[in-house]
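S.K.: model this:
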Amino acid sequence: MTVLEKLKQTNSIITPKLVELLGTPTIEVENLYDSMRYSVLSSGKRVRPHIVFEFSRLFGGNDEKALKFACAVEMLHASSLVHDDMPCIDNDDMRRGKPTTHKAYGEGVALFCGDALMYKAAEVASTNDKVGGKFALKATELLLKYGGGEGIIGGQIIDLESENKKIPFETLLKMHSLKTAALIKTSALLGCLAAEVDIDDERCKDAARYAEAIGLTFQITDDILDADTEDEKTNFLSFMSIDEAKDYAKKETKIAIETISKYENSNDLIELANFILNREA
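M.R.: Below is the predicted model:
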């Protein structure tokens with residue numbers, strides 16, 4: 001089975017659960033929940049929930065234990081995209097071939113949709129009764145921490161305040177470590193927690209290092225794929241050629257693979273790292 005086929009399999013596992021979890025609780029908020037489903041049930045690759053499942057499987061967990069954590073990660077990811085697309089941030093009209101949430105529902109609904117998805121992600125993780133209570137609590141803590149100022153929102157604010165500025169390379173790395181890599185790291189750690197691995201365990205440290213490396217690779221390949229756009233934002237290609245950026249990504253991928261390859265049955269995660277390095281979309 002190819003990585004794309006495995007990602008489709010992940011999508012088939014989480015989609016019914018996402019539909020269930022995002023059911024409208026009362027008719028008065030139907031429009032809000034419709035916008036939440038619209039934003040989450042899109043055609044994304046589901047890389048982050050896939051990482052949750054893969055680390056759970058690697059360390060002896062199962063998909064039932066990982067399911068709510070995987071859904072929570074995807075909700076948080078969707079939340080960040082809804083906010084990123086809004087006129088006050090990136091002002092994008094289309095995402096994945098359809099109108100962005102604020103174009104489909106209006107700016108006010110989109111704002112509350114993104115907020116509600118963040119809260120829902122924490123709620124879903126905290127109610128994962130397939131794992132011990134301390135693991136559900138830690139998962140919720142990580143989602144809140146890395147969804148906020150020490151993660152996605154921190155990266156978004158650096159991005160926002162860096163517009164039309166020449167920022168140093170260290171700031172660019174910090175921005176992407178928060179905006180992109182933090183949620184990928186959270187996904188890996190939630191997979192470990194689904195397998196009931198303590199957060200201080202060496203396996204969690206290796207999972208985090210793997211995820212940070214592929215998260216950076218993910219962003220570098222994004223910048224390479226977007227090389228022909230007219231976006232004036234500082235990115236990796238502001239500091240290096242495409243070939244140099246590819247070499248940088250290869251080094252990060254090597255770190256990820258070396259970190260995880262010592263574990264038996266890590267082939268799927270190794271394949272995923274290479275997939276992210278070589279992706280064309």
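S.K.: following the helix or strand in which Ala66 is found, which helix or strand comes up?
M.R.: Assigned by DSSP states H and E, Ala66 belongs to helix 63-85. Downstream of helix 63-85, the next assigned helix or strand under DSSP H and E is strand 94-95.
S.K.: could you give the mean pLDDT of the next helix or strand after that next one?
M.R.: Toward the C-terminal end, the helix or strand that comes next after strand 94-95 (DSSP H and E) is strand 98-99. Averaged across strand 98-99, the pLDDT comes to 94.
S.K.: same check, this time on stretch 57-67
M.R.: Average pLDDT, stretch 57-67: 98.
S.K.: pull out the buried residues from the helix holding Ala66.
M.R.: In terms of neighbour count (16 or more other CB atoms under 10 Å), helix 63-85 has its buried residues at 63, 65-85. (Each C-beta comes from the backbone N, C-alpha and C, glycine too.)
S.K.: other residues contacting stretch 55-63?
M.R.: The contact list for stretch 55-63 (CB atoms under 8 Å, 6 or more residues apart in numbering) reads 13, 53, 65-66, 69, 187-192, 194-197, 203, 207, 263, 265-266, 268-269.
S.K.: in PyMOL, select just the buried ones from these.
M.R.: Only the buried entries of the contacts of stretch 55-63 go into this PyMOL selection, using 16+ other CB under 10 Å:
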select buried, resi 13+53+65+66+69+187+188+189+190+191+192+194+195+196+197+203+207+263+266+268+269
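S.K.: looking at the contacts of stretch 55-63, which are in strands?
M.R.: Assignment to strands by DSSP state E places none of these there.
S.K.: narrow the contacts of stretch 55-63 to those in helices?
M.R.: Among the contacts of stretch 55-63, DSSP state H puts 13, 53, 65-66, 69, 187-192, 194, 203, 207, 268-269 in helices.
S.K.: just flag the most distant two among those.
M.R.: Greatest spatial distance among the ones in helices among the contacts of stretch 55-63 (CB to CB): Ile13 and Arg203, at 23.0 Å.
S.K.: so where's the stretch 51-200 of the chain shaky on pLDDT?
M.R.: Residue ranges of the stretch 51-200 of the chain with pLDDT under 70: none are present.
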